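Here you go, sequence then predicted model.
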Amino acid sequence: MNHFELIKKVEWKDLRTLSVKEMLIENNISLPWFFISILLAYHEYYWLALPFSGFYFLTALRQVHNGFHNSLGTGKVLTWLSMYLNSILMMASIHAVKFNHIRHHKFCLSEEDYEGKSASMKWYEAILYGPKHMFLIHWITFKKANKNYQRNMMIELVSIAVFTFLIFFFQIHFLMYHVLVMIFGEFLMAFFAVWSVHHDTHEDPNIARTQRGSWKNKLTFSMFYHMEHHLFPAVPTIKLPELAERIDKALPDLNKKQTF
């Protein structure tokens, strides 16, 4: 059964609509984790801040990922602002990541899929590839994207540079901690955001790995429902658990490879 036949067997279009509560959650899910991590770092409790910084990175990734697919429930201006602010806080141009992510959906695990390069590597190779992955994401946007993407990328990169310069010039230690942790997180993206959900799926790239188990998906904020996302990218993350239930019911024999 191919991709289009799978889509026809599952009701999903109603899941694109967010309630006001769901919209507020998707647009603000990263803020508590950010403020707690910054507060702890301000008081120099860096080791205590680390898990909260990790959860900020994960939830901010969820937020911008929904922005890539216009699934935040807000208009273009607020979606752009969300992506711009998270670019500065996550230490990478989110519009560059978006450009490559949209190509990832279009050319999934093919030669033209630069985001997906690490999927064919061994797990340790994907980790070591991380810095090159982040450089390549920006370079490909510079080389292949239209002027709108390029302009947004440059705005974000200049803003990141100014933000980082001011932090280190004035020796703002709790923000220096944040910058370094976010750069480390970006270097792990090739492993966590690509390899973990796509390795050993080249025979049918659109059937990515997924995750079942309540506590696992709560711990990862539903970010590992990746098969569901690839089949129905317009569905917001907050609706993916319900989408997974519908897929399991409509396609009980579908081979679902677990993420972990």
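Arrived safely. Residues are numbered from 1 along each chain as shown.

Surely residue 251 is in contact with residue 9?
Yes: assessed by CB atoms under 8 Å, residue 251 is found in contact with residue 9 at 6.1 Å. C-betas here are computed from N, CA, C, even on glycine.

okay, and for the stretch 51-200 of the chain, where does confidence drop off?
Residues of the stretch 51-200 of the chain meeting the criterion pLDDT under 70: none.

show me what contacts the spatially closest residue to residue 37 that is not a sequence neighbour?
Among residues not flanking residue 37 along the chain, residue 52 sits closest, at 3.8 Å (CB to CB, 6 or more residues apart in numbering). Residue 52 sits next to 33, 36, 37, 40 when contact means CB atoms under 8 Å, 6 or more residues apart in numbering.

cool, residue 25 as well?
residue 238.

Let's verify it: helix, strand, or coil?
Remark: residue 25 carries the secondary structure label helix [criterion: DSSP: H, G, I helix; E, B strand; the rest coil].

Likewise for residue 101?
Taken by three-state DSSP, the conformation at residue 101 corresponds to helix.

What's the separation between it and residue 23?
The spacing between residue 101 and residue 23, counted by CB to CB, to the nearest Å, is 21 Å.

Of the two, which one has the most company?
With neighbours defined as other CB atoms under 10 Å, residue 101 and residue 23 compare such that residue 101 has more, 21 against 16.

Tell me if I'm right that the more buried one and residue 116 touch.
No: with contact taken as CB under 8 Å, residue 101 and residue 116 are classed as non-touching, separated by 9.8 Å.

picking that back up, now the residue nearest to residue 37: phi and psi?
phi -70, psi -40 (degrees, to the nearest 10).

before we move on, what about residue 210?
Here is the backbone geometry of residue 210 (degrees, to the nearest 10): phi -140, psi -180.

I'd assumed residue 226 was in contact with it.
Yes: in this structure, residue 210 sits in contact with residue 226. The criterion is CB under 8 Å, and the distance is 5.9 Å.

Let me see the contact set for the residue most central in space within the chain.
The C-alpha lying nearest the average C-alpha coordinate of the chain belongs to residue 61 (CA atoms, centre = their mean; 3.8 Å). Under the criterion of CB under 8 Å, 6+ apart, the neighbours of residue 61 are 90, 193, 223.

most surrounded residue in those residues?
Of the contacts of residue 61, residue 90 is surrounded by the most neighbours, 26 neighbours in total, counting by other CB under 10 Å.

count of neighbours near residue 163?
Using other CB under 10 Å as the criterion, residue 163 is surrounded by 16 other residues.

Once you drop chain neighbours, what's closest to it?
The shortest distance from residue 163 to any residue other than its chain neighbours is 5.3 Å, reached at residue 88 (CB to CB, 6+ apart).

name the element the one you found belongs to?
With secondary structure defined by DSSP states H and E, residue 88 is part of helix 76-90.

Skipping its backbone neighbours, what lies nearest residue 92 in space?
According to CB to CB, 6+ apart, the nearest residue to residue 92 is residue 186 (5.1 Å).

Can you report how many residues neighbour that neighbour?
Under the criterion other CB under 10 Å, the count of neighbours that residue 186 has is 20.

and it, what is it in contact with?
Taking CB under 8 Å, 6+ apart as the test, what residue 186 contacts is 90, 91, 92, 130, 134.
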